[in-house]
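Undergrad: Please work out how this folds:
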Amino acid sequence: MRRISFTPRVIFSFCIFSLVTSCSVGTRSNENNDSRTLVSDQQHTIVKRQSIGNCWLYATASWAEALYLNKTGKEIDLSESYWTWWWFYYQLAYKTDIAKIQTGGSWSVSSQILASHGVIEEAKFIPDEAGTTMSIRQAQAEAYINQQLSSGGKLSTKENRTEENIKKELDKAFGTNMKEAEQYVVKAKDFIVGTTKDGKDISLFDSVGGSQYADGSDSPNMWQQVDVPQIVGKDVILSQEGENERANVMFRVLKALNDHQPVLISVMIDFNALDIVDATFKASRIEQPYQTGSQGGHMVVLDDYAVDDAPFIGTIPEGEAISKLTKILATRGKLRYLKAKNSWGANRPERGLTDGYTRFSWEYLSQPLPWKDEKTGQVEFYSGLSEVILPAGY
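TA: Below you'll find the model as predicted:
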């Protein structure tokens, strides 16, 4: 194998429609129900199912809900549709050559939307969808806006896309009244999601990097986007420098999970790699000659992990650890898989998945796999885990 230095490759998080319509979720494996030595197991809110390619907003909502749950002990149902409304708005208002609405995005975009527009409970934005696991309104809104962007539509020309017209059409698309809904919005500065060691409140605004000092430096409580060293190219391995850096990033991820921090990750998905027997994405399932399956970028929130070869213990499965020592030893084991809360729905029996949680084997995330460019058809090889979003101090 050729040895190369670390070359970062940032993957823009998105969920293509073909991915969304066929995607599903993981299930807890019976083989991991071992109460003797366990690891992390976060507190999460209910699993939802996206109807359009906005996995990144669902992941961000799950992250914010988990922080709030850890802080208050109370579950909250934040509206992904509210943030989607604003994502559509910014595209329509500022993208002059827009011909079709884009549903994909990234952590940097979602964090800006949260900082600027805060949060609202679904019951206050779209009451009909409160308590439901999938938003039909989002799919309807995407279709309606694209129709209005087509020739002769109400948003088809730059002149038609005034602020007033855009908001009017978005309210019609989502079946909302944003002006009335905004009275129920909680500003990011007022949405408390944590506490510092000295007892001070940490707001959502702080966590997404909304607050800065006068000199322009970031909030000390801001979650950080960290690139994971990737292997780019077939039959390639990382340099020792790259391996050390990747090991360090993953150690930080596991340490954060041990402390009940809902770490986010951006990954590439190929459904040919999904083993429905144990609900795990595995590199070994991608056979040669390679036939591409449904592929796309995806963002999820981590829940747990499992390791092998932990010092003095060996295999440590998923679940809440019974001692701090077990958690420490787990971070020094060989990572078997990461377990994530997904936005593909909690009950997808056609893939053998039942509880909304997906597992990604470390081999699948770390070794170079073939990915097909939609436009050119060209296949490139690179590892599927591109970035992690870590809390301050990790």
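
Undergrad: Can you verify my assumption that Thr331 contacts Phe251?
TA: Yes - contact criterion Cβ atoms under 8 Å: Thr331 and Phe251 qualify, at 5.7 Å. (Glycine included, C-beta is placed from N, CA and C.)

Undergrad: which one of the two has more residues nearby?
TA: Thr331 (20 against 14; other Cβ atoms under 10 Å).

Undergrad: Tell me the secondary structure of the nearest residue to the more buried one once chain neighbours are set aside, please.
TA: Excluding the flanking residues, the one nearest Thr331 by Cβ to Cβ, 6 or more residues apart in numbering is Leu254, at 4.5 Å. Secondary structure state of Leu254, per DSSP: H, G, I helix; E, B strand; the rest coil, is helix.

Undergrad: For Gly314, see how far away Leu254 is.
TA: In this view, Leu254 and Gly314 are 17 Å apart by Cβ to Cβ, to the nearest Å.

Undergrad: Give me the more crowded residue out of the two.
TA: Ranked by neighbour count (other Cβ under 10 Å), Leu254 and Gly314 place Leu254 first, with 24 against 12.

Undergrad: surely the more buried one meets Leu329?
TA: No - contact criterion Cβ under 8 Å: Leu254 and Leu329 do not qualify, at 10.9 Å.

Undergrad: can you give me the strands in the stretch 1-150 of the chain?
TA: 2-4 (DSSP state E, counting those that start in this stretch).

Undergrad: just the helices in the stretch 201-350 of the chain please.
TA: Assigned by DSSP state H, counting those that start in this stretch, the stretch 201-350 of the chain shows helices spanning 204-207, 240-258, 324-330.

Undergrad: separation between Gly333 and Gln224?
TA: For Gly333 relative to Gln224 (Cβ to Cβ), the value is 24 Å.

Undergrad: returning to what we had before: just the pLDDT at the residue nearest to Thr331, thanks.
TA: Per-residue pLDDT puts Leu254 at 96.

Undergrad: Equivalent analysis for Gly293, please.
TA: Reading off the model, Gly293 has pLDDT 72.

Undergrad: how many neighbours does Tyr90 have?
TA: 14.

Undergrad: ok, it to His117 distance?
TA: From Tyr90 to His117 the distance is 10 Å (Cβ to Cβ).

Undergrad: Of all the residues in whichever strand in the chain runs longest, which ones are buried?
TA: In the chain, taking DSSP state E as the definition, the longest strand is strand 295-310. Neighbour counts over strand 295-310 (16 or more other Cβ atoms under 10 Å) mark 295-307, 310 as buried.

Undergrad: Before I go, just wanted to say thanks for your time.
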